[in-house]
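Student: got a sequence here, can you build the structure:
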Amino acid sequence: MEKKPILSQELLNFLFQLIFGTIIVFLFFTQLERFLTMIFVLNFSTAGPNVTILLVLFLLTGLVEVILPYPHSMRTLSVCILGATIMVVLSFIPVTLIATLAAIFAMIFITPVLVNRIQLEKEQFSLSIILGVVLQIILRSWLGTASYYATIIGTILFLFWISLGILLWFFNIRYDPRLIESSQSTFTGVPPVIGFLFIQILFLGFPNVVSTWFFRNYILISFTGIFGLVLGGLLTFEKGGHLTQNKLEFGWVILFLFSLIDLLWINLMPFITYFTVQVSICVILYMGLSKNSIRSPRVVGLRMTVFQFLMVFILILHVSAGNWAFMPSILAFTRGHAATTIFVAGLLLPLASLRFEIPLNFKKKPQQVLNSVRIIFLSAIIISMLGVVTNDLLKVQKSPDTSKLKVMTFNIHQYFSIGQTGLYNLEQVRDVILESGADVVGLQESEGARITSSSMNGVQWLAHQTGMNYYYYGPPTSAQIYGVSLLSRFPILSAYYEDLPAYQSIERVAIVVEIDTGEIAGELPIVVTHFQTGKYTIDRYNQAVKILDITEDFTNSIILGDFNTRPDVTDQAFVLLNSTFSDTWILSGNTSDSGTSYNNSGFAVKRIDYVWLKGSWTVLNCAIFGSPRVSDHRAVYTELVLG
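Tutor: Numbers count the residues shown, from 1 in each chain. The predicted structure is shown next:
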């Protein structure tokens with residue numbers, strides 16, 4: 001009697017299509033993220049955007065579907081797979097322009113493959129799209145939210161999945177050589193897929209961004225978010241035809257929009273609404289893919305291009321909302337409206353999905369296939385949460401020095417190395433902190449939970465890697481500032497932030513963190529700040545006045561920061577700070593014009609980062625740490641005791 005195989009041929013074919021589609025979506029997602037990050041690095045200067053900003057027009061990858069005569073032939077798709085692979089490898093080259101071009105060309109090459117999978121699998125492809133986002137959440141959770149390009153482990157994991165995708169493609173050529181034929185009568189639109197991926201990459205697809213947006217518990221947010229995606233995927237796969245009838249479509253859209261509003265502005269039930277927003281967006285995606293009415297494959301490409309243009313426009317406004325001071329004046333209206341741009345992007349998805357045509361006939365899935373999908377999704381929840389919890393459990397443990405206080409201030413350049421290399425400096429910043437031996441570190445430009453910094457929680461990553469497991473993130477991501485944070489090996493008793501006057505710049509803040517230093521100095525308030533840059537001296541003076549107001553009632557305190565002011569008697573901000581506080585650089589015996597902390601040759605004197613003291617202190621040592629290549633600033637380190 002012939003034994004039946006454990007896995008039927010139908011199931012094997014299904015699993016292949018599912019995994020291959022998942023990797024294609026994952027590749028498209030990660031290269032879009034890489035491109036947006038690198039284009040920001042190319043234009044990250046006070047001079048504002050340069051000509052390279054025009055590269056965003058290459059995001060209109062739908063034009064490939066219009067231009068290529070046979071975009072879905074086996075030969076074309078094979079060339080695209082090979083081209084995308086080469087471009088992904090080139091995206092790791094430490095030259096920003098090359099990495100940028102490689103990322104966008106990887107997206108261009110992968111677009112025909114992505115559209116091909118959509119036409120082959122129709123609404124069933126929503127499963128691969130959802131799993132593609134789930135896969136990146138899982139990997140980022142195991143990497144402590146760091147980018148794949150930021151650490152060696154991340155690079156290895158990323159290249160492994162790309163290699164698997166290539167192997168699956170060659171498997172496809174041999175065993176499943178299905179093609180999209182030009183004689184096909186109707187086609188499925190791509191805008192719902194583009195809308196889904198853009199809203200995920202802007203906000204929803206990164207639990208750490210949702211977490212820092214309003215200071216929500218990262219573990220709970222991660223669980224509810226990925227559980228929402230899993231349930232949404234299972235519901236659409238098993239019950240999709242019943243969930244997307246016209247009478248129910250508006251209900252899912254309303255649930256999605258109200259959930260998104262709560263996450264962005266109200267913060268009433270974030271753990272529930274992050275779950276419901278992910279469930280509903282999966283159903284809306286399925287709606288869009290179940291409408292099969294386009295008569296021409298080139299119309300598919302044109303509609304995709306138009307929708308991508310709208311999303312690119314929203315992306316520009318979104319980036320401008322947090323960087324308006326460095327953008328053309330015409331974009332000044334975007335100031336503080338990052339949440340609005342995310343909501344508008346979310347609004348476009350249902351507009352692309354609701355068309356009121358009769359859905360495709362929903363076919364019941366074989367039980368073995370259903371069980372396999374359930375196992376895959378439930379495993380995804382477990383693996384993702386293991387990554388979140390494991391990173392927390394495996395964090396470095398290191399006790400502080402109890403004989404003296406060792407503090408440091410460090411502007412870390414939004415986690416990018418200096419120059420046009422496109423390299424992240426996470427590991428290098430960690431090494432500088434460990435080399436110094438500091439027990440308290442004030443960070444500037446530490447906001448990493450934005451698409452321009454690869455949507456990572458660098459503060460948490462550095463805290464876990466350095467053993468400084470008491471940390472204050474600073475203002476939430478929704479505040480749209482460059483970030484001011486504190487890492488500490490001493491317990492934090494309280495922490496808050498105050499806005500500084502900033503009439504001619506992006507928002508500036510000072511954080512006030514009270515730590516328990518034990519016998520060294522007792523309960524000690526630490527202030528960390530980042531003053532306005534450039535020629536606007538009146539802003540810096542007003543910010544210095546605010547610092548004096550914040551510290552007025554403190555007997556002993558330490559003020560850390562990038563003050564963007566030289567030790568110059570003609571600079572009012574410096575004169576005010578120097579007349580009120582003590583400069584540890586001078587107290588340790590150094591001269592005022594020595595000590596390079598800023599690496600811009602435009603400054604005649606390059607000392608703009610300070611450790612100021614209020615009260616009675618003895619400075620034991622003050623030094624500069626870090627290579628000029630790690631950041632555009634070097635760290636200023638001080639050892640001191642009270643009295």
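
Student: ramachandran angles for the spatially most central residue of the chain?
Tutor: The residue lying closest to the centre of the chain (C-alpha atoms, centre = their mean) is Ser455, at 0.9 Å. Torsion angles at Ser455 (phi, psi; degrees, to the nearest 10) stand at phi 50, psi 50.

Student: surely it and Glu33 touch.
Tutor: Yes - the criterion here is C-beta atoms under 8 Å, and Ser455 meets it with Glu33 at 7.2 Å. Backbone N, C-alpha and C define where each C-beta goes, glycine included.

Student: who touches both of those two?
Tutor: Common contact partners of Ser455 and Glu33 (C-beta atoms under 8 Å, 6 or more residues apart in numbering): Ile201.

Student: any idea of the pLDDT on Glu10?
Tutor: What the model reports for Glu10 is a pLDDT of 76.

Student: so it versus Ile23, what's the distance?
Tutor: Separation of Glu10 from Ile23 (C-beta to C-beta, to the nearest Å): 21 Å.

Student: what does Thr37 give?
Tutor: With distances taken as C-beta to C-beta, Thr37 is found 21 Å from Ile23.

Student: that older thread, more crowded one of Glu10 and Ile23?
Tutor: Taking neighbours as other C-beta atoms under 10 Å, Glu10 and Ile23 compare with Ile23 leading, 23 against 11.

Student: next, the buried residues of stretch 327-335.
Tutor: Buried residues in stretch 327-335, counted by 16 or more other C-beta atoms under 10 Å: 327, 331, 334-335.

Student: roughly how far does Ser446 sit from Arg298?
Tutor: 47 Å.

Student: now Tyr637: which helix or strand?
Tutor: strand 635-642 (DSSP states H and E).

Student: picking up where we left off before, please list all residues in contact with the residue nearest to the centre of the chain.
Tutor: 33, 145, 201, 206, 208-209, 448-449.

Student: the longest helix in the chain is where?
Tutor: Counting by DSSP state H, the longest helix found in the chain is helix 9-42.

Student: relative to helix 9-42, how tilted is the helix or strand where Gln119 lies?
Tutor: Gln119 is part of helix 96-121, with elements assigned from DSSP H and E. Orientation check (axes from the mean of the first three to the mean of the last three C-alpha atoms, to 10 degrees): helix 96-121 against helix 9-42 gives 150 degrees.

Student: coming back round to it: tell me what the longest helix of the chain is packed against?
Tutor: helix 74-90, helix 96-121, helix 126-142, helix 152-175, helix 191-199, helix 297-323, helix 367-393 (3 or more C-beta pairs under 8 Å, 6 or more residues apart in numbering; DSSP states H and E).

Student: out of these, which comes closest to Phe58?
Tutor: Judged by C-beta to C-beta, the one of the helices and strands packed on helix 9-42 that comes nearest to Phe58 is helix 96-121, at 4.5 Å.

Student: report the buried residues of that closest one.
Tutor: So helix 96-121, judged by 16+ other C-beta under 10 Å, has buried residues 96-121.

Student: grab the nearest non-local neighbour of the residue nearest to the centre of the chain.
Tutor: In space, Ser455 comes closest to Phe206 once its chain neighbours are excluded; the distance is 4.3 Å by C-beta to C-beta, 6 or more residues apart in numbering.

Student: how about the contacts made by the one you found?
Tutor: Neighbour list for Phe206: 137, 140, 145, 449, 455 [criterion: C-beta under 8 Å, 6+ apart].

Student: swap the cut-off to 10 Å and go again
Tutor: By C-beta atoms under 10 Å, 6 or more residues apart in numbering, the residues touching Phe206 are 33, 133, 136-137, 140, 145, 200, 212-213, 222, 225, 449-451, 454-457.

Student: for Tyr70, what are phi and psi?
Tutor: Phi and psi for Tyr70, reported as degrees, to the nearest 10, are phi -130, psi 70.

Student: if I read this right, it contacts Thr76, doesn't it?
Tutor: Yes - checked against C-beta atoms under 10 Å, the pair Tyr70 and Thr76 is within contact range at 5.7 Å.

Student: count the neighbours of the closest residue to Thr466 other than its chain neighbours for me.
Tutor: Excluding the flanking residues, the one nearest Thr466 by C-beta to C-beta, 6+ apart is Ile433, at 4.9 Å. When neighbours are counted by other C-beta under 10 Å, Ile433 registers 26.
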